[in-house]
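**Q** Generate coordinates for the sequence data below:
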Amino acid sequence: AHQPCLHGLPSWMALENGWVKDSPINLEFLYFQSGAPQNEALAANQWDVGAMGTVPTIMASIRYGAYMIGISNDESETNDIWVKPDSPLLKTKGANPAYPEIYGTPQDWKGKSILVTTVSTGHYAVSATLKALGLKDSDMNIINMEQGQAVTAFESNEADMVQLWAPYSYIAESKGWVKVSSGKRAGVTIPGALLVSKNFADQHPDQVVEWLDLYMRGIEYEKTDPAGATDWLYKYFNDYCGMELEKDMVAKEFKLRPLYDIDEQIKLLEDQDKAKKWMEEIAQFLVDQGQLAAEDQAKYESGNYIDSKFMKML
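**A** You can find the predicted model right below:
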């Protein structure tokens, strides 16, 4: 299960390049616009392995027991917020010196309307930005909308700001819109997650590892040959996902989204100050949103569902 994002590329390449022919597993590629519908499909047992943002990953863990078995990329900078060039936010930068790359004063942000794919990593970046400015979600007019629709709506001036994630961010940049914040600029880390359904992981751990083998082959290729990977990602976005992106936009994915090899994955998954801490902070965001009860948060943090054993087996 994948989305029109960089973290869908390794599985797609495994099919397009024929890598899966040498594997003992079969793959069927399922495509979703965002994590919410992806989780609905998980609840219906429509998929076994995949990648998504870490906000829906926590919901998948709490509701359905899914395991987080890897980190697809660091997407802290590519979950971001955009305005038009004439926005009053652009008159001020670094109103809070602790966050020098955020544009606008609290007064500039307060009361503005913003298009957001809610309960997502992008929403987390918005909330982190507001917190950095001493504000909260209720200080804004948040309008829920999927990414493609949000780009169209914002172009038609249906809101003051828009929350996007890559590759939609590059479309925004090509239109002359200006990035005013991101997860990274607001001081939070937003990893992407590799996850597996509980039943499939418990019953077929060997097949999970076989998929990871294909997926990490893709990651290694992206890390060692970003130019070649750009060509593949260009095909994925334009030919498969139906987007219209220039190749120079696509190339930014490998500059803005750090990727991790197997050894790095294991270290991050097992470091109490890395993946576990990042996920606990995201869980707190979900509690603040009223999406996660305190007892579920405690359950998540104790069981955690972050499991490095499959990466170790690989």
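**Q** mind checking the longest helix of the protein?
**A** helix 205-224 (DSSP state H).
**Q** May I see the buried residues of it?
**A** Residues 207-219, 221-222 are the ones in helix 205-224 that count as buried (16 or more other Cβ atoms under 10 Å). C-beta: built from backbone N, CA, C; applies to glycine.
**Q** Farthest pair within the residues you listed?
**A** With Cβ to Cβ as the measure, no two of those lie farther apart than 207 and 222, at 23.2 Å.
**Q** Find the centremost residue of the chain, please.
**A** Centroid-nearest residue in the chain, with Cα atoms, centre = their mean: residue 53, separated by 3.5 Å.
**Q** Tell me how many other residues crowd the residue lying closest to that one once chain neighbours are set aside.
**A** With Cβ to Cβ, 6 or more residues apart in numbering as the criterion, residue 53 has its nearest non-adjacent residue at 3.7 Å, and that residue is residue 121. Counted with other Cβ atoms under 10 Å, residues neighbouring residue 121 total 29.
**Q** again with residue 40
**A** 11.
**Q** How about residue 106?
**A** Count around residue 106 with other Cβ under 10 Å applied: 14.
**Q** show me what contacts it?
**A** Going by Cβ atoms under 8 Å, 6 or more residues apart in numbering, residue 106 touches 95, 133-135.
**Q** Just among those residues, which is most surrounded?
**A** Neighbour-wise, the contacts of residue 106 (other Cβ under 10 Å) top out at residue 133, 21 neighbours.
**Q** does it really touch residue 94, like I thought?
**A** No: using Cβ atoms under 8 Å, residue 133 is not in contact with residue 94, being 11.1 Å away.
**Q** list residues touching both of the two?
**A** residue 102.
**Q** circling back to that earlier point, surely the residue nearest to the centre of the chain and residue 195 touch.
**A** No: contact status for residue 53 versus residue 195: not in contact, 10.5 Å apart, counting by Cβ under 8 Å.
**Q** Average pLDDT for the longest strand along the chain, rounded please.
**A** What stands out as the longest strand in the chain, according to DSSP state E, is strand 67-74. For strand 67-74, the mean per-residue pLDDT is 97.
**Q** Counting by contacts, list what that strand packs against.
**A** Applying 3 or more Cβ pairs under 8 Å, 6 or more residues apart in numbering; DSSP states H and E, we find strand 67-74 packed against helix 54-64, strand 191-196, helix 198-203, helix 205-224, helix 262-270, helix 275-288, helix 309-313.
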